[in-house]
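Trainee: Using only what follows, build the 3D model:
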Amino acid sequence: MNEGPDITVRDARVDEAGEILRIQQAAFLPAARRYDEVRLPPLIETADDVVHDIREHLVLVATDSTGRILGSVRGKRQEECVHVGRLVVDPQEQRRGVATALMLELEQRFPEAECFELFTGGLNEPGMGLYLKLGYVETRRERETELLEIVYLRHDRRSRSAGGGGDVS
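Mentor: Numbers count the residues shown, from 1 in each chain. All right, here's what the predicted structure looks like:
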């Protein structure tokens with residue numbers, strides 16, 4: 001379990017699906033505005049979808065010292081890599097290290113994985129900054145709409161241990 005000064009990362013519970021979804025929707029609302037796309041998958045997902053992921057994959061939550069959920073992330077093993085999805089932080093809690101704590105714990109939970117892959121919107125500057133800081137490298141881009149370009153990133157576990165990835169503190 002990854003812990004910061006007042007952040008604890010642990011497995012999500014099924015009864016937390018509604019709160020995870022609420023934070024997810026609040027976190028993705030600015031992206032919907034930025035891309036002029038109200039039907040982004042994270043915004044139309046249901047609590048049942050979150051419950052499914054909690055039961056079938058790894059879903060982590062970051063909490064504060066009172067147990068309040070600050071953010072979450074999902075990981076799904078696919079052959080040698082782990083697909084990272086739905087990294088979200090409550091908008092009022094951003095820039096406190098929550099996303100970094102979630103990502104580092106997720107990687108620790110898959111010690112045998114050779115790599116981690118994810119995608120994000122091309123205009124997601126904070127997310128892109130975090131992923132690059134953690135050693136992720138852009139692998140390709142795909143244009144979805146005039147405003148929305150999807151950026152695919154990958155982190156090979158060996159790259160950080162060989163000196164890649166920079167300081168993540």
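Trainee: looking at this, residue 37 is in a strand?
Mentor: No - membership of residue 37 in a strand is not supported by DSSP: H, G, I helix; E, B strand; the rest coil, which gives coil.
Trainee: Show the backbone phi and psi for the residue nearest to it when sequence neighbours are not counted.
Mentor: Nearest residue to residue 37 in three dimensions, chain neighbours excluded: residue 148, at 6.0 Å (C-beta to C-beta, 6 or more residues apart in numbering). Heads up, the C-betas are built off the backbone N, CA and C, glycines and all. The phi/psi pair for residue 148 (degrees, to the nearest 10) reads phi -100, psi 120.
Trainee: Next, count neighbours for residue 148.
Mentor: 17 (other C-beta atoms under 10 Å).
Trainee: With the one 5 residues further on instead?
Mentor: Taking other C-beta under 10 Å as the neighbour definition, residue 153 ends up with a count of 21.
Trainee: same question, residue 100
Mentor: 19.
Trainee: Please work out which residues outside stretch 100-112 touch it.
Mentor: 1-4, 7, 9, 58, 60, 62, 71-73, 75, 77, 82, 84, 87, 89, 113, 116, 130, 133-134, 155, 157, 168 (C-beta atoms under 8 Å, 6 or more residues apart in numbering).
Trainee: Just the buried ones from the residues you listed?
Mentor: Neighbour counting with 16 or more other C-beta atoms under 10 Å marks 2, 7, 9, 58, 60, 62, 71-73, 75, 82, 84, 87, 89, 113, 116, 130, 134, 155, 157 as buried within the contacts of stretch 100-112.
Trainee: circling back: please list the members of the contacts of stretch 100-112 that lie in helices.
Mentor: Under the assignment DSSP state H, the contacts of stretch 100-112 contribute 130, 133, 157 to helices.
Trainee: Can you tell me the closest non-neighbouring residue to residue 122?
Mentor: residue 149 (3.8 Å).
Trainee: Report the contact partners of the one you found.
Mentor: Applying C-beta under 8 Å, 6+ apart, we find residue 149 in contact with 121, 122, 123, 141, 142, 143.
Trainee: Next: residue 70.
Mentor: Neighbouring residues of residue 70 by C-beta under 8 Å, 6+ apart: 7, 23, 61, 62, 63, 64, 89, 90, 93, 96, 98.
Trainee: Neighbour-wise, which one of the residues you listed leads?
Mentor: residue 62 leads the contacts of residue 70 on contacts (other C-beta under 10 Å) with 29 neighbours.
Trainee: Good, we can wrap up now.
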